[in-house]
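Visitor: Predicted structure and sequence below. I'll ask about it afterward.
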Amino acid sequence: MSWLARLAALVLLALAPMVHAAEAAAVASPDGKIRVSIDVDGEGHVRYSVARGTAALITPSWLGFLFTDAPKLHRNLSVTGSEARSFDETWTQPWGERTQVRNHFNELRVHIKETKPLARGFDMVFRVFDDGVGFRYEFADQPNLHTLSIAEELTQFNLAQDGTAWWVPAFEWNREEYIYNTTPIREIATAQTPLTVKLADGTHIAFHEAALVDYAGMNIARVQGTALKAVLTPSARGPKVVRAAPFTTPWRTLQISPDAAGLAMSNLILNLNEPNKLGDVSWVHPRKYVGIWWGMHLDSQSWASGVKHGATTANAFKTIDFAAANGFKGVLIEGWNLGWDGDWFADGKDFSFTQAYPDFDLPKIAAYAKLKGVHLIGHHETSANIAHYEDQMDAAFDLYAKLGIDAIKTGYVSDAGGMQARGADGKTMFEWHEGQVSSVHHLKVVTEAAKRHISIDAHEPIKDTGLRRTYPNWVSREGARGMEYNAWGAPPNPPEHESVLVFTRMLGGPMDFTPGVLSLTGKHGQQIQSTEAKQLALYVVLYSPIQMAADLPENYVKYPRSFQFIKDVPTDWSDTRVLNGEVGDYVTIARKDRAGDNWYLGAVGDEQARTSTIKLDFLDPGRSYTAEIYRDGDGADWKTNPHAVAYETRKVTSADSLTLALAPGGGQAIRFVAGPRK
């Protein structure tokens with residue numbers, strides 16, 4: 001054979017998978033703009049692709065699995081059939097960013113089977129919305145696939161373009177609590193989700209997952225260039241996931257938008273979760289709260305017993321009085337229970353969840369709070385020793401239910417990979433915060449709490465994947481760098497932090513960020529990188545049905561005019577509009593009070609001074625409003641003049657516009673008080 005013939009043969013061999021790759025099925029979004037196609041290459045790899053209009057977003061990307069006890073499910077696959085359907089409903093949130101949510105998608109179910117002797121099969125289900133794509137694997141019970149011991153998921157996300165990525169690292173000691181990296185897509189390492197990218201053509205995509213139930217959390221690693229792949233969180237058992245068929249994986253999600261604002265308006269994650277399983281959830285109450293908390297981070301109080309112990313009966317009464325006097329319906333008290341003395345970090349074996357320190361009379365305090373119209377928010381720090389916590393959980397929940405405590409902040413402080421769980425043999429093993437064991441545990445906490453009409457706010461949690469739709473008592477969680485980092489200053493959150501969170505972490509769901517530190521100083525007197533006006537804006541920008549006024553009560557006395565906005569702003573909304581934004585630069589959000597006709601606006605920026613003009617067409621037409629404006633004052637700057645705040649009022653209608661001027665590290669908050677209807 002001549003060298004030319006050899007070359008031709010090699011070229012044909014290289015092109016064989018491409019030549020034999022024929023589209024097996026396809027589905028488009030209801031508006032026809034987003035299209036998903038399925039093909040099978042010459043080696044039997046089933047692949048999916050995603051395009052928006054004429055632009056490719058995801059080029060052919062593999063699907064499949066590696067197992068610890070069976071051959072991989074990846075090659076020698078064929079598409080044996082498919083079915084399509086359309087779905088359109090509008091459902092009501094019991095609480096949330098908006099009352100009504102439209103769930104409109106076109107679905108493609110693809111049947112896939114091995115052509116080899118094992119003949120294992122599975123379905124791929126794709127749901128395509130106008131704002132993105134969700135897909136998952138579904139396994140039926142079958143002769144050669146009763147139990148799946150999954151070593152790795154082989155899902156790929158091969159991006160068609162380079163661009164910019166905003167991400168935090170996976171598998172690091174500090175869980176999700178990192179400052180976001182802003183890098184080219186080609187410089188992503190292994191990232192947690194949500195992972196947000198802006199492609200060269202301006203298209204924004206956020207990669208995440210929905211309905212994470214009894215499965216390992218998904219991370220995303222760059223393979224080469226702009227090719228990405230799924231990486232599941234490990235387990236001490238060996239396999240990352242062990243499931244008996246039939247079962248479905250979580251949804252792998254791509255929220256897609258021509259701009260950043262569209263990402264934050266998406267309901268895709270919620271819509272890929274199952275409807276409410278709890279029935280009547282009128283006992284779940286959105287609220288603002290104060291607490292014995294910030295003083296611990298400033299080191300003026302302690303969780304442990306002693307002269308600085310914060311959780312005393314006297315301090316609790318003072319905090320309840322402050323809450324009642326200022327209209328706050330919740331009081332969080334940390335450090336009330338035995339176990340904080342000694343080395344509790346990453347251990348937790350000494351915690352009691354029913355016994356209080358001698359200087360804290362829990363029944364008396366709960367009764368006093370009820371008398372004042374205030375609810376205590378219980379606190380269960382587990383130090384991620386979930387074996388110890390689950391031993392006491394029923395008794396702890398029963399105690400709180402008896403005392404009328406209807407919400408609990410849980411905590412899982414430990415290094416990532418340090419979650420202590422009890423294995424099938426009864427021995428303790430160490431698991432990851434985002435692993436399958438953690439997924440099972442968190443849902444157990446939520447469902448057991450629901451039986452007692454208790455809501456859960458989880459800190460150091462497993463990621464949020466929209467399960468609040470299915471279990472509406474899972475009201476919030478942390479899962480990112482919150483306000484506490486501004487107390488420690490190691491380092492504090494940078495001015496751009498919140499304008500990154502809106503388009504990354506917040507796409508998963510509500511965050512208990514704990515805003516409202518009007519003093520703007522941390523543990524050693526260091527300056528928080530925020531203006532006073534920005535602290536107010538965060539109540540609108542960072543959504544949570546529970547919002548803390550995190551500062552010490554005496555600091556609110558020092559800043560009464562700004563404190564008024566914190567007292568006024570609600571936590572439950574009938575409508576939300578993201579008016580503008582760029583990831584890491586700025587964002588402006590307007591929300592309408594679910595309990596009335598008033599609107600609220602929050603705008604935050606980054607380290608640069610910024611000006612934008614917004615239309616007020618979100619206001620009800622034909623109605624006059626009084627705009628109560630809290631803005632950065634003249635010369636405001638987080639470094640040199642953070643407390644410069646200008647207060648003003650003006651009459652506006654939906655036909656008007658406003659110019660928002662944000663100082664470096666600044667923000668603006670507006671309350672639109674509705675006048676009478678014409």
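Guide: It's in.
Visitor: quick one: secondary structure of G373?
Guide: Secondary structure for G373, judged by DSSP: H, G, I helix; E, B strand; the rest coil, is coil.
Visitor: give the contact list for it.
Guide: A324, K329 (Cβ atoms under 8 Å, 6 or more residues apart in numbering). All C-beta atoms are positioned from the backbone trio N, CA, C, and that covers glycine.
Visitor: if we go to 6 Å?
Guide: By Cβ atoms under 6 Å, 6 or more residues apart in numbering, the contact set of G373 is empty.
Visitor: R594 versus that one, what's the distance?
Guide: Distance of G373 to R594, computed by Cβ to Cβ, to the nearest Å: 20 Å.
Visitor: and L63, how many neighbours?
Guide: By other Cβ atoms under 10 Å, 24 other residues sit near L63.
Visitor: So what does it look like in phi/psi?
Guide: phi -130, psi 150 (degrees, to the nearest 10).
Visitor: With L212 instead?
Guide: Dihedral angles (degrees, to the nearest 10) for L212: phi -80, psi 100.
Visitor: Likewise for the one 3 residues further on?
Guide: As for Y215, its main-chain torsions (degrees, to the nearest 10) stand at phi -160, psi 160.
Visitor: How about W91?
Guide: Backbone torsions of W91, given as degrees, to the nearest 10, read phi -120, psi 160.
Visitor: ok, for it, nearest residue in space, not its chain neighbours?
Guide: Nearest non-adjacent residue to W91, counting by Cβ to Cβ, 6 or more residues apart in numbering: V101, 5.5 Å away.
Visitor: hey, C-alpha coordinates of whichever strand or helix holds the one you found in CSV?
Guide: Per DSSP states H and E, V101 falls inside strand 100-114. C-alpha atoms of strand 100-114 as CSV (Å, rounded to 0.1, in the frame of the first residue of the first chain):
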residue,chain,number,x,y,z
GLN,A,100,-47.2,32.1,40.1
VAL,A,101,-44.6,30.0,38.3
ARG,A,102,-45.1,28.8,34.7
ASN,A,103,-43.7,25.4,33.9
HIS,A,104,-43.6,25.1,30.1
PHE,A,105,-41.4,22.6,28.3
ASN,A,106,-41.1,20.1,25.5
GLU,A,107,-39.8,16.7,26.6
LEU,A,108,-37.9,14.0,24.7
ARG,A,109,-37.5,10.5,26.1
VAL,A,110,-34.8,8.5,24.4
HIS,A,111,-34.5,4.7,24.9
ILE,A,112,-30.9,3.5,24.9
LYS,A,113,-29.6,-0.1,25.0
GLU,A,114,-26.3,-1.9,24.8
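Visitor: now for it, which elements pack on it?
Guide: strand 22-28, strand 77-92, strand 121-129 (3 or more Cβ pairs under 6 Å, 6 or more residues apart in numbering; DSSP states H and E).
Visitor: For T59, which three-state class applies?
Guide: strand.
Visitor: can you check E448 too?
Guide: Going by three-state DSSP: E448 is helix.
Visitor: List the buried residues of the strand holding V101.
Guide: 101, 103-114 (16 or more other Cβ atoms under 10 Å).
Visitor: same thing with stretch 369-380?
Guide: For stretch 369-380, a neighbour-count test (16+ other Cβ under 10 Å) marks A369, V374, H375, L376, I377, G378, H379, H380 as buried.
Visitor: Could you identify the most distant pair in these?
Guide: V374 and H380 (19.6 Å; Cβ to Cβ).
Visitor: P30 against H104, yeah?
Guide: Yes - contact criterion Cβ atoms under 6 Å: P30 and H104 qualify, at 5.4 Å.
Visitor: isn't R252 right up against Y137?
Guide: No - assessed by Cβ under 6 Å, R252 is found out of contact with Y137, at 8.9 Å.
Visitor: The two: which is more packed in?
Guide: Per other Cβ under 10 Å, whichever of R252 and Y137 has more neighbours is R252, with 25 against 22.
Visitor: Could you give the secondary structure assignment for the more buried one?
Guide: strand.
Visitor: distance of it from L268?
Guide: 12 Å.
Visitor: Quick one: low-confidence residue ranges for this protein.
Guide: Within the chain, the stretches with pLDDT under 70 are 1-21.
Visitor: swap the cut-off to 50 and go again
Guide: Scanning the chain for pLDDT under 50 picks out the ranges 1-20.
Visitor: As a check, name the ranges of all helices in it.
Guide: For the chain, the helices defined by DSSP state H cover 3-19, 260-265, 268-271, 294-298, 313-325, 362-371, 386-403, 436-451, 484-488, 497-501, 532-541, 553-558, 560-568.
Visitor: between those helices, which one is nearest to G217?
Guide: Closest among those, using Cβ to Cβ: helix 436-451, at 7.1 Å.
Visitor: just the angle between the closest one and helix 386-403, please?
Guide: If you take axes from the mean of the first three to the mean of the last three Cα atoms, to 10 degrees, helix 436-451 sits at 10 degrees to helix 386-403.
Visitor: and D512, what does it touch?
Guide: Per Cβ under 6 Å, 6+ apart, neighbours of D512: D457, S476, E478, S544.
Visitor: again, only using 8 Å
Guide: D512 touches K409, D457, H459, S476, R477, E478, G482, S544, I546, M548, counting by Cβ under 8 Å, 6+ apart.
Visitor: And Y368, by the same measure?
Guide: Per Cβ under 8 Å, 6+ apart, neighbours of Y368: A316, F317, I320.
Visitor: Repeat that for Y600.
Guide: Counting by Cβ under 8 Å, 6+ apart, Y600 has contacts Y539, V540, V569, P570, A590, R591, K592, D593, A669, I670, R671, F672.
Visitor: The closest residue to D359 other than its chain neighbours and E498, how far apart?
Guide: Sequence neighbours aside, T312 is the residue nearest to D359 in space, at 4.6 Å (criterion: Cβ to Cβ, 6+ apart). Going from T312 to E498 by Cβ to Cβ gives 34 Å.
Visitor: Neighbour count for these two, which is higher?
Guide: E498 (26 against 21).
Visitor: Does the more buried one touch Y539 like I think?
Guide: No - counting by Cβ atoms under 8 Å, E498 stays clear of Y539, with 11.4 Å between them.
Visitor: Now for the residue nearest to W91: which residues touch it?
Guide: With contact set as Cβ under 8 Å, 6+ apart, V101 has these partners: T90, W91, T92, Q93, N267, L270, N271.
Visitor: quick one: common contacting residues for R252 and L268?
Guide: G134.
Visitor: tell me the domain ranges of the chain?
Guide: 23-272, 290-310+318-464, 477-499+510-544+562-677 (the TED database).
Visitor: so which of those domains gets nearest G279?
Guide: Using Cβ to Cβ, those put domain 290-310+318-464 closest to G279, at 9.5 Å.
Visitor: And that closest one, how far out from the chain middle?
Guide: Computed by Cα atoms, centre = their mean, to the nearest Å, the separation of domain 290-310+318-464 from the middle of its chain amounts to 20 Å.
Visitor: likewise stretch 611-624?
Guide: Relative to the centre of its chain, stretch 611-624 is centred 29 Å away, using Cα atoms, centre = their mean.
Visitor: May I see the buried residues of that stretch?
Guide: Buried residues in stretch 611-624, counted by 16+ other Cβ under 10 Å: S612, I614, L616, F618, L619, S624.
Visitor: Please name the nearest non-neighbouring residue to the last one.
Guide: Across the structure, with Cβ to Cβ, 6+ apart as the measure, the residue nearest S624 apart from its sequence neighbours is G675 (4.2 Å).
Visitor: Please report how far Q392 lies from E448.
Guide: From Q392 to E448 the distance is 12 Å (Cβ to Cβ).
Visitor: cool, P664 as well?
Guide: Going from P664 to E448 by Cβ to Cβ gives 47 Å.
Visitor: more neighbours, those two?
Guide: More crowded of P664 and E448, by other Cβ under 10 Å: P664, with 21 against 16.
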